Structures are given as C-alpha cells and as structure tokens.
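In: give me the fold of what follows.
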Amino acid sequence: MSLSALRSDTIRKNGVYKKRYLLKGYLFDRTFRPLITLRLCQATGKAGYPGKLAHVFFRVLHRWACHSAGIDLPWTTSIAPGFIIVHGWGIVVNGRAVIGRNVTFFHGVTLGQRDRIAKDGTRTVGYPVIEDEVWVGPHAVIVGGLVIGRGSRIAAGAFVTESIPPYSVVAGNPAAIVKSGATPDVYNPAP
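Out: Below you'll find the predicted structure:
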C-alpha cells in the first residue's frame, strides 16, 4: 500500500499523477520529499521484505528529508493515501498517531501523545486519530487519545484535547466547536 499511496499523495499535490511530478517533488519540494521517503521506508520495512539494506538506506534518507524540511515525521506513523503538507516548517507528529485519507497539514502542526496519571499512579497514554478529509491549520496542537471526525477543520492555533465530531470547525485554546455541518476543505482529492 505504501507505494500506491505515493500515487494519491502526488495527485493531492499536483492534481494529477505523473512520474515526472513524483521525481520533481523529490528533487525540488522539501515538504513532499519526506512523504516519498516515508512511503519507501514503509514499503521496505514490511515483514518478509528481502532488502534490509534498502530499508536502512531509506530510513537514513527519510531522516535527512525530514531534517531538511524542518519537520519531525517518523516513518512508523500510519498515514493513509492523499496526505499533503502545506509550507511544513515545524510539524511534529508522534509515530503512533493515525492520519486518514486526504488530510491537509499546515506549518507548525503538532500531533502528540498525552499521558494521564491516576491517583493510584497508573499511567494512561493516548495518541490522536485524524479521520479522512480533515484540514489542520497552522500551529494547531492536537494531543491525546482523541478522534478528529471526518471532514472537520481545525483552525490556526487551536489546542485540541478532546474528540471532535465529524464535519465540525474548531478554534481557540482550549478548542471549542464554532460550527457544525461544515463542508470538508479538500483540494485535489485523491481517489
């Protein structure tokens, strides 16, 4: 799936899939390059893949691509096809977060874990799940074991710590729903 996801990622970026767009994205687009290397790491990291050396090479390449883009996007992150990063600087994603299809991230987005410690000292750790067609604005922070519902929009600077129902617009710190029944904001949706 990882390599077929590149087709969808390319469609989101360019509106159409062409191999030359994939090559151009790798060579000249610092926000698209980490997606290519992430998909290559995931494709070669599968159990039973014979080329361990290729996987190690792609992991090093992915680290370099993320560093040059100024983002932290672990190759272990579950990202469905059609993901797009706009601008990109300062994005931080936890490796256990889950990101759905046709999701858009702007610069400064954080998807992080949240630890809750009970009075008896037990720790509960949660990671965000971003459903399909979600738009996440600049510098939004989403932490914890929550779900951002399909087609929602997270406004710039929002601090989200609770689940959001589908087709909602949220804003503020702490985030609050400012609109329900919103239309998803997905340009060049990948099939």
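In: how about low-confidence regions in the chain?
Out: 1-2, 47-49 (pLDDT under 70).
In: what about stretch 78-86, start to end distance?
Out: 19 Å (CA to CA, to the nearest Å).
In: my bad, stretch 100-120
Out: End to end - CA to CA - stretch 100-120 spans 35 Å.
In: buried ones in it?
Out: 100-112, 114 (16 or more other CB atoms under 10 Å). The C-beta positions use only the backbone N, C-alpha and C, and glycine is treated the same way.
In: equivalent analysis for stretch 27-35, please.
Out: Those would be 29-35, for stretch 27-35 by 16+ other CB under 10 Å.
In: just those: which are in helices?
Out: 33-35 (DSSP state H).
In: identify the farthest-apart pair in the buried residues of stretch 100-120.
Out: In terms of CB to CB, the buried residues of stretch 100-120 reach their longest pairwise distance at N102 and R114, which sit 25.5 Å apart.
In: before we move on, what SS does A156 have?
Out: coil (DSSP: H, G, I helix; E, B strand; the rest coil).
In: ok, now which ones touch it?
Out: Counting by CB atoms under 8 Å, 6 or more residues apart in numbering, A156 touches 106, 137-140.
In: one step back: now, among the buried residues of stretch 27-35, which is nearest to I71?
Out: P34 (6.3 Å).
In: phi and psi next, for the closest residue to that closest one other than its chain neighbours.
Out: In space, and not counting its chain neighbours, P34 is closest to A65: 4.4 Å by CB to CB, 6 or more residues apart in numbering. Torsion angles at A65 (phi, psi; degrees, to the nearest 10) stand at phi -60, psi -40.
In: filter the contacts of A156 to the buried ones?
Out: 106, 137-140.
In: look at the residue of the chain positioned farthest from its centre and tell me its secondary structure.
Out: Ranking residues of the chain by C-alpha distance from their mean position (CA atoms, centre = their mean) puts D120 at the top, at 34.5 Å. Following three-state DSSP, D120 is assigned to coil.
In: list the contacts for A69?
Out: Listed by CB under 8 Å, 6+ apart, the contact set of A69 reads 30-31, 33-34, 85, 88-89.
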